[in-house]
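here's a sequence, model it:
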Amino acid sequence: MGKGFWKAAGKWRLCLLGVLLFAVAALVFRGPDADVRETVLTAFEKANFSDSSCHIYREGYLDDAYYLIEEKKTFLENLTDKLAADSTDDKAGGTESGRISQEHLEDGNSITLEQAAGDGSSVLRLSFLTREEKISPYELRQENYLRADIHLQGQISAEKALKEQKRLDEATAGCGLEEQVYVEMEGSYEGRLSREEQEIIVESLLDEMDAVQVEEMNEEELYTVYAYARGAGEAKSIAGRNVNLNLAVSYDEQENKTIFHLGCPIIRADY
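Below is the predicted model of the structure:
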């Protein structure tokens, strides 16, 4: 699920906005061509947006074993230690101690461990979710799921995003989760861009990625494009055609910002 551009008038403003073509990148980083991945992130880094964020995550089914609450906490703490072995947070003011919270759900429970960098530039969140189903008066079936998230704030460099993706990939490789490690990046431009301006940015993005547009959804509050770009990662089928690039543009009225989201193969996060 990468601004600092001077506003100009008319067509000049539209031309300047084309530089935003990599405003937001959300990539599945296990699968895409390394060169394409680096190009997208580097362009995002150089866009100089007023604000940006990066969300890296992996999730999936863990097992059907029975765990005590303390065992779940220990599992998450061990995974945190494994992630910390290669962490770059020491360069960002160190890390806070992990905070563990527990939530009782209608059909199970969840244990979450959250750890933040000392300067707030990154947050690690690990969630152990157990779903329970009563299949008889004397038998309870449960399934365990794991989700690992890394949230980055500020002007995100390509080097930082790639390093964090690799760190999460290696630390969770033996957990049996989805193969994909998703990286979603977004960036915003001050003010409300016209649909014409949005389309120019999207067109520039597709050209730079050598992508072919497959489908377009032009709604009042949301502009969405599905496309296919060789080397951008695994493909999904949309209306019987391969898609591995999804760009969306939305407007935040409260913040007065136009936000760009780019995902490969599709955007999974809410926006």
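
which residues of the stretch 51-200 of the chain fall in strands?
Assignment of strands within the stretch 51-200 of the chain using DSSP state E, counting those that start in this stretch yields the ranges 52-63, 99-105, 108-116, 122-136, 139-153, 182-190.

for residue 191, which non-adjacent residue is spatially closest?
Excluding its sequence neighbours, the residue lying closest to residue 191 (Cβ to Cβ, 6 or more residues apart in numbering) is residue 256, at 6.2 Å. The way it works is simple: take the backbone N, C-alpha and C, and place the C-beta from them, glycine included.

count the neighbours of the one you found for me.
11 (other Cβ atoms under 10 Å).

contacting residues around the closest residue to residue 143 other than its chain neighbours?
Take residue 143 and drop its neighbours on the chain: the residue closest to it by Cβ to Cβ, 6+ apart is residue 131, 4.9 Å away. Shown in contact with residue 131 (Cβ atoms under 8 Å, 6 or more residues apart in numbering): 107, 108, 142, 143, 144, 145.

look up the closest residue to the last one, ignoring the ones flanking it.
Read it as residue 145. In this structure, residue 145 finds its nearest non-sequential neighbour in residue 129, 4.4 Å apart by Cβ to Cβ, 6+ apart.

shouldn't that neighbour be in contact with residue 148?
No: contact criterion Cβ atoms under 8 Å: residue 129 and residue 148 do not qualify, at 11.9 Å.

which of the two has more residues huddled nearby?
Per other Cβ under 10 Å, whichever of residue 129 and residue 148 has more neighbours is residue 148, with 25 against 19.

I'd like the distance between residue 133 and residue 107.
Residue 133 sits 7 Å away from residue 107, going by Cβ to Cβ, to the nearest Å.

residue ranges in the stretch 151-271 of the chain under the pLDDT threshold?
231-233 (pLDDT under 70).

again, only using 80
Scanning the stretch 151-271 of the chain with the threshold set as pLDDT under 80 gives 155-156, 158, 162, 180, 183, 205-210, 229-235, 262-265, 269-271.

among the strands of the stretch 51-200 of the chain, show me which one is buried the most.
strand 182-190 (a mean of 25; mean count of other Cβ atoms under 10 Å).

cool, thanks, talk later.
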